[in-house]
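Asks: Pasting a predicted model and its sequence here:
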Amino acid sequence: MLSRSLLLLACLTAPIYAQEANLSVDPQGAPGSVAQLILAQRAYQAALTQGEALALLTAIRLARGVTQRPATGWTLESAGQPAADAPPGQPAAPDPAGEAAMAIARNLAGEDPDLQDLVYALDAQLPDAHQDTAVVAASDLGSGQTDTWTLPLFGEVAAEIGLVGDGDGPLALTVTDETGAVLCTRPAGTAPALCSLTPARNGFFTVTVTNAGGIVNSYRLLGN
């Protein structure tokens, strides 16, 4: 009789569980590799705006502290391709971990020997073999269009999804689970965006990126 009762209880509760949002009771973990890259990107953009060499070096150090690899297992569906006569956007925002950022730092250091030493030391620093990793994918998105990414996440493992656009126009970011429940949303803006969440169980999640601007936007999507 007890086993029958347990079986009935399982049958009654299974449909309800299947419709619950795939989100752990502890939805966010400690900041990880993607959060570090988003922070580096924001610091990088602020440093360029202000022309601050030390702030730029900090951004470069943060970005170089994460190893970036191409994303695998992610699939992309687009609402359409950018129109042939659409105003072109600029390339995706430069990566603070790239050589272009270091070249800018050298220029900002100018003839200041102390700043030159800091730039040299950072440029000569070898990567840490045990540093955190992040995965990255890129796309071009036409005005008013939406990219839909499908990617797998593990249950009870903190996940981070970051979005870095080219800065030409606003991008919106939304993450939903297999039930369609919205787990994270970031309104359209030009600043780098971050969604942090912890799924309750293994599953496939949908990440949508919408171009709310008037021209093509090149962006990078980051994951941990």
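Replies: Thanks, I have the structure now.

Asks: Now residue 55, what are its backbone angles?
Replies: Torsion angles at residue 55 (phi, psi; degrees, to the nearest 10) stand at phi -60, psi -40.

Asks: And for it, nearest residue in space, chain neighbours not counted?
Replies: In space, residue 55 comes closest to residue 47 once its chain neighbours are excluded; the distance is 3.8 Å by C-beta to C-beta, 6 or more residues apart in numbering. Yep, even glycine has a C-beta here, placed from its N, CA and C like the rest.

Asks: ok so the one you found is a helix residue?
Replies: Yes - assignment of residue 47 by DSSP: H, G, I helix; E, B strand; the rest coil places it within a helix.

Asks: Please give me every residue in contact with it.
Replies: Each residue near residue 47 by C-beta atoms under 8 Å, 6 or more residues apart in numbering is listed here: 53, 55, 56, 58, 59.

Asks: gap between it and residue 101?
Replies: The gap separating residue 47 from residue 101 is 9 Å, by C-beta to C-beta, to the nearest Å.

Asks: got it, and residue 67?
Replies: Applying C-beta to C-beta to residue 67 and residue 101 gives a distance of 16 Å.

Asks: The two: who's more crowded?
Replies: Comparing residue 67 with residue 101 by neighbour count (other C-beta atoms under 10 Å), the higher total belongs to residue 101, at 21 against 16.

Asks: Next, the more buried one: secondary structure please.
Replies: Here residue 101 is recorded as helix under three-state DSSP.

Asks: now it: how far from residue 197?
Replies: Distance, residue 101 to residue 197, using C-beta to C-beta: 29 Å.

Asks: Let me see the ranges of the strands in the protein.
Replies: For the chain, the strands defined by DSSP state E occupy 66-70, 75-78, 132-141, 146-153, 159-165, 171-176, 182-189, 193-197, 203-211, 217-223.

Asks: shaky segments in the protein?
Replies: Of all residues in the chain, those with pLDDT under 70 make up the ranges 1-19, 27-28, 79-91, 126-130.

Asks: Could you pull up the contacting residues of the most centrally placed residue in it?
Replies: If you average the C-alpha coordinates of the chain and look for the closest C-alpha using C-alpha atoms, centre = their mean, you land on residue 162, 1.5 Å from that point. When contacts are counted by C-beta under 8 Å, 6+ apart, residue 162 touches 34, 35, 37, 38, 134, 192, 193, 194, 195, 221, 222, 223.

Asks: Quick check: of the residues you listed, which has the highest neighbour count?
Replies: Within the contacts of residue 162, neighbour counts (other C-beta under 10 Å) peak at residue 37, which reaches 29 neighbours.

Asks: Surely that one is in contact with residue 134?
Replies: Yes - because the distance of 5.8 Å satisfies C-beta atoms under 8 Å, residue 37 is recorded as touching residue 134.

Asks: Could you pull out the residues contacting both of those two?
Replies: Taking C-beta under 8 Å, 6+ apart as the contact criterion, the common neighbours of residue 37 and residue 134 are 66, 68, 162, 222.

Asks: and the nearest residue to the third one once chain neighbours are set aside, bridged to which residues?
Replies: Okay, so that is residue 162. The shortest distance from residue 162 to any non-neighbouring residue, by C-beta to C-beta, 6+ apart, is to residue 222 (3.7 Å). According to DSSP bridges, the partner residues bridging residue 222 are residue 136, residue 162.
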